[in-house]
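J.: Quick check, what structure comes out for this input:
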Amino acid sequence: MPLTYARDEARRRVTVTAVGHVTLSEAIEILDRRVMDGTWSYALLYDGRQRTGLMDAQEVRILVELTRSLSSRHGPSGPMALVRTDAGGYGIGRVAGILSEDVNARIGLFRTLEEADVWLESAPLA
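T.: As a prediction, this is how the structure comes out:
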């Protein structure tokens with residue numbers, strides 16, 4: 001699986017690192033794991049700097065709809081910092097942020113881990 005999942009209890013943060021191509025099913029597994037692990041309200045740092053390929057708009061919509069459904073059952077998700085350095089990944093991140101606005105998702109989009117970390121440290125948890 002090109003996604004690794006690391007839980008940091010002290011910081012109430014989950015870090016997901018993507019390497020290579022990530023499928024929609026793999027992304028859904030991460031959402032499900034956050035619910036099962038009780039980390040839905042934790043901050044999420046998504047490090048996509050080594051990810052290749054992009055999800056299409058329909059796949060992003062599916063993830064947003066699933067997030068909406070999970071939030072209605074488990075409360076708001078924690079803030080999410082997306083780190084992408086490629087123009088396409090950054091653009092898809094913006095689309096995800098726009099589609100998530102109505103569920104009060106707090107999504108920050110960054111080009112460096114340092115910027116993402118500073119933002120997550122200042123963002124209140126759900």
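J.: helix or strand for L44, which one?
T.: Applying DSSP states H and E as the criterion places L44 in strand 43-52.
J.: What are the buried residues along the helix or strand following that strand?
T.: Later in the chain than strand 43-52, the nearest helix or strand by DSSP H and E is helix 57-74. For helix 57-74, a neighbour-count test (16 or more other C-beta atoms under 10 Å) marks 59-60, 63-64, 67, 70-71 as buried. Heads up, the C-betas are built off the backbone N, CA and C, glycines and all.
J.: for stretch 30-47, same thing?
T.: Quick answer for stretch 30-47 (16+ other C-beta under 10 Å): 30-31, 33-34, 39-40, 42-47.
J.: Can you give me the first-to-last residue distance of that stretch?
T.: 13 Å (C-alpha to C-alpha, to the nearest Å).
J.: And for stretch 93-108?
T.: Using C-alpha to C-alpha, the two ends of stretch 93-108 sit 9 Å apart.
J.: Tell me which residues are up against it.
T.: 57, 60-61, 63-64, 67-68, 71, 76-82, 84, 109, 116, 119-120, 123 (C-beta atoms under 8 Å, 6 or more residues apart in numbering).
J.: contacting residues for A6?
T.: A6 neighbours (C-beta under 8 Å, 6+ apart): 14-17.
J.: mind redoing it with 10 Å?
T.: Residues in contact with A6, defined by C-beta atoms under 10 Å, 6 or more residues apart in numbering, are 13-17, 45.
J.: which of the residues you listed has the most neighbours?
T.: L45 (25 neighbours; other C-beta atoms under 10 Å).
J.: how close does the residue nearest to that residue when sequence neighbours are not counted sit to Y90?
T.: Nearest non-adjacent residue to L45, counting by C-beta to C-beta, 6 or more residues apart in numbering: T15, 4.6 Å away. Applying C-beta to C-beta, to the nearest Å, the value for T15 to Y90 is 19 Å.
J.: coming back round to it: and of the buried residues of helix 57-74, the nearest to V22?
T.: When the buried residues of helix 57-74 are compared for distance to V22 (C-beta to C-beta), E59 wins out at 10.0 Å.
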